[in-house]
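>>> quick check, what structure comes out for this input:
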Amino acid sequence: MHTVVEREMEMRLVLSPERSVAVPARVRFRSDDPYAVHVTFHLGSECPVHWTFARELLVEGVFRPCGHGDVRVWPTKIERREVICLALTSPGGDALLEAPAMALSAWLERTLRVVPPGSETEALGIEEGLGALLRPIPGDGPRSTPGQAEPWASDEGGECAW
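Modelled structure (predicted):
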(Lines give C-alpha, C1' and ligand atoms only; values in the text may rest on other atoms or scores of the structure.)
Protein backbone atom coordinates (compact mmCIF):
# COMPACT_ATOMS: atom_id res chain seq x y z
CA MET A 1 0.00 0.00 0.00
CA HIS A 2 1.25 3.48 -0.75
CA THR A 3 0.54 6.97 0.51
CA VAL A 4 -0.35 9.95 -1.67
CA VAL A 5 0.38 13.51 -0.54
CA GLU A 6 -1.48 15.96 -2.72
CA ARG A 7 -2.30 19.65 -2.63
CA GLU A 8 -4.11 22.09 -4.86
CA MET A 9 -2.57 25.54 -5.05
CA GLU A 10 -2.60 28.59 -7.21
CA MET A 11 0.63 29.37 -8.99
CA ARG A 12 1.38 32.37 -11.14
CA LEU A 13 2.49 32.02 -14.75
CA VAL A 14 4.85 34.92 -15.46
CA LEU A 15 4.11 36.44 -18.86
CA SER A 16 6.36 39.49 -18.46
CA PRO A 17 8.02 41.34 -15.58
CA GLU A 18 4.80 43.35 -15.15
CA ARG A 19 2.20 40.69 -15.84
CA SER A 20 1.32 37.20 -14.57
CA VAL A 21 -1.82 35.06 -14.55
CA ALA A 22 -3.16 32.60 -12.00
CA VAL A 23 -2.77 28.94 -12.85
CA PRO A 24 -4.47 26.29 -10.70
CA ALA A 25 -2.00 23.48 -10.03
CA ARG A 26 -1.95 20.18 -8.18
CA VAL A 27 1.29 18.93 -6.63
CA ARG A 28 1.40 15.22 -5.95
CA PHE A 29 3.79 12.77 -4.30
CA ARG A 30 3.36 9.00 -4.08
CA SER A 31 5.32 6.87 -1.64
CA ASP A 32 5.63 4.13 -4.29
CA ASP A 33 7.43 6.67 -6.53
CA PRO A 34 9.49 8.38 -3.81
CA TYR A 35 12.08 10.10 -5.97
CA ALA A 36 9.53 12.10 -7.98
CA VAL A 37 7.06 14.92 -7.60
CA HIS A 38 4.25 15.36 -10.09
CA VAL A 39 2.76 18.74 -10.93
CA THR A 40 -0.37 19.18 -13.01
CA PHE A 41 -1.22 22.63 -14.35
CA HIS A 42 -4.81 23.35 -15.31
CA LEU A 43 -4.56 25.98 -18.00
CA GLY A 44 -8.24 26.24 -18.91
CA SER A 45 -8.01 23.75 -21.75
CA GLU A 46 -9.23 20.17 -21.97
CA CYS A 47 -5.73 18.81 -21.52
CA PRO A 48 -3.87 19.71 -18.36
CA VAL A 49 -0.08 19.96 -18.52
CA HIS A 50 1.86 17.39 -16.46
CA TRP A 51 5.44 17.68 -15.25
CA THR A 52 7.42 15.15 -13.24
CA PHE A 53 10.81 15.87 -11.75
CA ALA A 54 13.05 14.90 -8.83
CA ARG A 55 11.75 15.62 -5.34
CA GLU A 56 15.35 16.33 -4.31
CA LEU A 57 15.45 19.17 -6.85
CA LEU A 58 12.43 20.78 -5.22
CA VAL A 59 13.80 20.23 -1.70
CA GLU A 60 17.02 22.00 -2.60
CA GLY A 61 15.26 24.68 -4.65
CA VAL A 62 13.26 25.83 -1.63
CA PHE A 63 16.55 27.03 -0.09
CA ARG A 64 18.82 27.95 -3.02
CA PRO A 65 18.89 28.01 -6.82
CA CYS A 66 19.34 24.58 -8.35
CA GLY A 67 18.70 22.55 -11.44
CA HIS A 68 19.74 22.90 -15.03
CA GLY A 69 18.21 21.97 -18.31
CA ASP A 70 14.46 21.36 -18.29
CA VAL A 71 13.71 22.21 -14.65
CA ARG A 72 15.25 24.95 -12.53
CA VAL A 73 14.02 25.98 -9.08
CA TRP A 74 14.91 28.89 -6.78
CA PRO A 75 13.44 30.90 -3.92
CA THR A 76 12.83 34.65 -4.18
CA LYS A 77 10.66 37.52 -2.95
CA ILE A 78 8.24 39.34 -5.19
CA GLU A 79 6.48 42.38 -3.76
CA ARG A 80 7.02 41.09 -0.20
CA ARG A 81 5.69 37.64 -1.11
CA GLU A 82 8.03 34.70 -0.73
CA VAL A 83 7.75 32.43 -3.75
CA ILE A 84 9.47 29.44 -5.25
CA CYS A 85 10.17 29.94 -8.94
CA LEU A 86 9.93 27.01 -11.34
CA ALA A 87 11.47 27.51 -14.77
CA LEU A 88 10.28 24.73 -17.09
CA THR A 89 11.64 24.15 -20.57
CA SER A 90 10.23 21.77 -23.18
CA PRO A 91 10.25 21.49 -26.97
CA GLY A 92 6.85 23.23 -26.85
CA GLY A 93 8.21 26.30 -25.06
CA ASP A 94 9.33 27.75 -21.77
CA ALA A 95 7.35 28.70 -18.69
CA LEU A 96 8.22 30.56 -15.52
CA LEU A 97 5.91 29.88 -12.60
CA GLU A 98 5.80 31.24 -9.08
CA ALA A 99 4.50 28.99 -6.31
CA PRO A 100 3.63 30.31 -2.86
CA ALA A 101 6.63 29.37 -0.71
CA MET A 102 4.65 28.62 2.47
CA ALA A 103 2.13 26.33 0.77
CA LEU A 104 4.72 24.49 -1.32
CA SER A 105 7.12 24.10 1.63
CA ALA A 106 4.35 22.75 3.88
CA TRP A 107 3.36 20.20 1.24
CA LEU A 108 6.99 19.23 0.69
CA GLU A 109 7.48 18.76 4.44
CA ARG A 110 4.55 16.32 4.46
CA THR A 111 6.23 14.28 1.70
CA LEU A 112 9.45 14.18 3.73
CA ARG A 113 7.57 12.80 6.73
CA VAL A 114 6.03 10.05 4.58
CA VAL A 115 9.35 9.07 2.97
CA PRO A 116 12.34 10.69 4.74
CA PRO A 117 15.36 11.65 2.61
CA GLY A 118 17.69 8.69 2.23
CA SER A 119 14.94 6.08 2.71
CA GLU A 120 13.55 6.19 -0.84
CA THR A 121 15.07 2.84 -1.78
CA GLU A 122 13.37 1.19 1.19
CA ALA A 123 10.05 2.76 0.18
CA LEU A 124 10.40 1.27 -3.30
CA GLY A 125 10.65 -2.23 -1.83
CA ILE A 126 13.42 -3.24 -4.23
CA GLU A 127 14.96 -5.76 -1.82
CA GLU A 128 11.62 -7.48 -1.23
CA GLY A 129 10.83 -7.48 -4.93
CA LEU A 130 14.20 -8.96 -5.87
CA GLY A 131 13.85 -11.54 -3.11
CA ALA A 132 10.48 -12.60 -4.48
CA LEU A 133 11.84 -12.79 -8.04
CA LEU A 134 14.92 -14.78 -7.07
CA ARG A 135 13.27 -17.10 -4.54
CA PRO A 136 13.30 -20.68 -5.87
CA ILE A 137 9.91 -22.24 -6.49
CA PRO A 138 9.54 -25.57 -4.68
CA GLY A 139 9.99 -28.47 -7.09
CA ASP A 140 11.38 -26.19 -9.79
CA GLY A 141 15.00 -27.32 -9.62
CA PRO A 142 17.28 -28.20 -12.54
CA ARG A 143 16.08 -31.13 -14.60
CA SER A 144 18.49 -33.44 -16.34
CA THR A 145 18.74 -37.02 -17.36
CA PRO A 146 21.10 -39.04 -15.14
CA GLY A 147 24.59 -38.89 -16.65
CA GLN A 148 23.74 -35.86 -18.82
CA ALA A 149 25.74 -32.74 -18.01
CA GLU A 150 23.97 -29.42 -17.60
CA PRO A 151 25.01 -26.91 -20.28
CA TRP A 152 26.23 -24.48 -17.60
CA ALA A 153 27.96 -27.09 -15.43
CA SER A 154 31.45 -26.40 -16.80
CA ASP A 155 33.27 -23.72 -18.70
CA GLU A 156 35.82 -26.24 -19.93
CA GLY A 157 35.81 -27.44 -23.49
CA GLY A 158 35.16 -24.08 -25.16
CA GLU A 159 31.97 -25.22 -26.88
CA CYS A 160 28.38 -24.77 -25.85
CA ALA A 161 26.72 -27.95 -24.70
CA TRP A 162 23.33 -26.97 -26.15
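
>>> what segments of this structure are strands?
Under the criterion DSSP state E, the chain contains strands at 4-16, 19-30, 36-41, 49-54, 66-68, 71-78, 81-90, 93-100.

>>> contact partners for the residue lying closest to residue 4 once chain neighbours are set aside?
Of all residues not flanking residue 4 in the chain, residue 30 sits nearest, at 5.3 Å (C-beta to C-beta, 6 or more residues apart in numbering). Using the backbone N, CA and C atoms, a C-beta is placed for each residue, glycine as well. The contact partners of residue 30, taken as C-beta atoms under 8 Å, 6 or more residues apart in numbering, are 2, 3, 4, 5, 36, 38.

>>> going by neighbour count, which of these comes out on top?
Highest neighbour count within the contacts of residue 30, by other C-beta atoms under 10 Å: residue 5, with 19 neighbours.

>>> pretty sure residue 71 contacts residue 94?
No. If you go by C-beta atoms under 8 Å, residue 71 and residue 94 don't touch, sitting 11.3 Å apart.

>>> the two - which one has more neighbours?
residue 71 (20 against 9).

>>> ok, for the more buried one, nearest residue in space, not its chain neighbours?
Using C-beta to C-beta, 6+ apart, the nearest residue to residue 71 is residue 53, at 4.5 Å.

>>> what do residue 71 and residue 94 both touch?
Here residue 71 and residue 94 have 87, 88 as joint contacts, going by C-beta under 8 Å, 6+ apart.

>>> for this structure, give me the ranges with low pLDDT.
Applying pLDDT under 70 to the chain flags residues 123-132, 139-162.

>>> 50 instead?
154, 160-162 (pLDDT under 50).

>>> what's the longest helix along it packed up against?
When the chain is parsed with DSSP state H, its longest helix is helix 101-114. The elements that helix 101-114 packs onto, with contact taken as 3 or more C-beta pairs under 8 Å, 6 or more residues apart in numbering; DSSP states H and E, are strand 4-16, strand 19-30, helix 55-61, strand 81-90.
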